[in-house]
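*Asks:* Predicted model follows, preceded by the sequence.
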Amino acid sequence: MNKNEISKGMSQDEMAYERTEMSSERTAMAHERTSMAQERTSMAQERTYMALERTALANSQTLLSYLRTAIGALAAGIGMFEFVNNETIITLGFIIMLLSPVIAGIGLIHYTLVRKQLKEIDAADPNSK
């Protein structure tokens, strides 16, 4: 017993009981911190999952934009080719018509590469849903 404990008039049993209670409180606080950490981890995993879903949807939207541009270029080329009598404009229309599948191909390649990357990221996540 040290002097502070003697001056408080505490017995050995009372001091042991107080230490046990303090230990129990520390254990309860540690469990609470662990629970909070697990909840934060769960929330972070959910945010990661939602971010991957948003990226996949944005990738699909980008593909549709490429295809819309390719269809617009094809329509413009056909319009130039069919409805104008100027040789320069007809040549330009023909070039634009030939570029249309190239634009669509670039969009498909981009979509496929990003989709593959997203699958790799999702497969690397051990907690993926």
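*Replies:* Happy to help now that I have it.
*Asks:* Let's test this: mean pLDDT of the helix or strand harbouring residue 16, rounded?
*Replies:* Taking DSSP states H and E as the criterion, residue 16 maps to helix 12-83. With pLDDT averaged residue by residue, helix 12-83 scores 88.
*Asks:* Tell me the helices and strands packed up against that helix.
*Replies:* When contacts are defined as 3 or more C-beta pairs under 8 Å, 6 or more residues apart in numbering; DSSP states H and E, helix 12-83 sits against helix 87-124. Every C-beta, even on glycine, is put in place using the N, C-alpha and C of the backbone.
*Asks:* in the helix it packs on, what counts as buried?
*Replies:* Judged by neighbour count (16 or more other C-beta atoms under 10 Å), helix 87-124 contains these buried residues: 90, 92-93, 96-97, 100, 103-104, 107, 111, 114.
*Asks:* by how many degrees do that helix and helix 12-83 diverge?
*Replies:* Using axes from the mean of the first three to the mean of the last three C-alpha atoms, to 10 degrees, the direction of helix 87-124 lies 160 degrees away from that of helix 12-83.
*Asks:* pLDDT of helix 87-124, averaged?
*Replies:* On average, helix 87-124 scores 93.
*Asks:* I'd like the distance from it to the chain centre, please.
*Replies:* A distance of 24 Å separates the centroid of the chain from that of helix 87-124, by C-alpha atoms, centre = their mean, to the nearest Å.
*Asks:* repeat for stretch 40-54
*Replies:* 7 Å.
*Asks:* Repeat that for stretch 24-39.
*Replies:* On C-alpha atoms, centre = their mean, the centre of stretch 24-39 falls 29 Å from the chain's centre.
*Asks:* What of stretch 39-56?
*Replies:* Using C-alpha atoms, centre = their mean, the offset of stretch 39-56 from its chain centre is 6 Å.
*Asks:* Take that stretch, keep the C-alpha atoms, and write them as CSV.
*Replies:* Provided in CSV are the C-alpha atoms of stretch 39-56 (Å, rounded to 0.1, in the frame of the first residue of the first chain):
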residue,chain,number,x,y,z
GLU,A,39,-18.8,0.2,-38.7
ARG,A,40,-16.5,2.7,-40.4
THR,A,41,-14.8,-0.1,-42.4
SER,A,42,-18.2,-1.4,-43.5
MET,A,43,-19.2,2.1,-44.6
ALA,A,44,-16.0,2.5,-46.5
GLN,A,45,-16.6,-0.8,-48.3
GLU,A,46,-20.1,0.3,-49.2
ARG,A,47,-18.7,3.7,-50.6
THR,A,48,-16.2,1.8,-52.7
TYR,A,49,-18.8,-0.5,-54.1
MET,A,50,-21.0,2.5,-55.0
ALA,A,51,-18.1,4.3,-56.6
LEU,A,52,-17.4,1.2,-58.8
GLU,A,53,-21.1,1.1,-59.8
ARG,A,54,-21.1,4.8,-60.7
THR,A,55,-18.0,4.3,-62.8
ALA,A,56,-19.5,1.4,-64.6
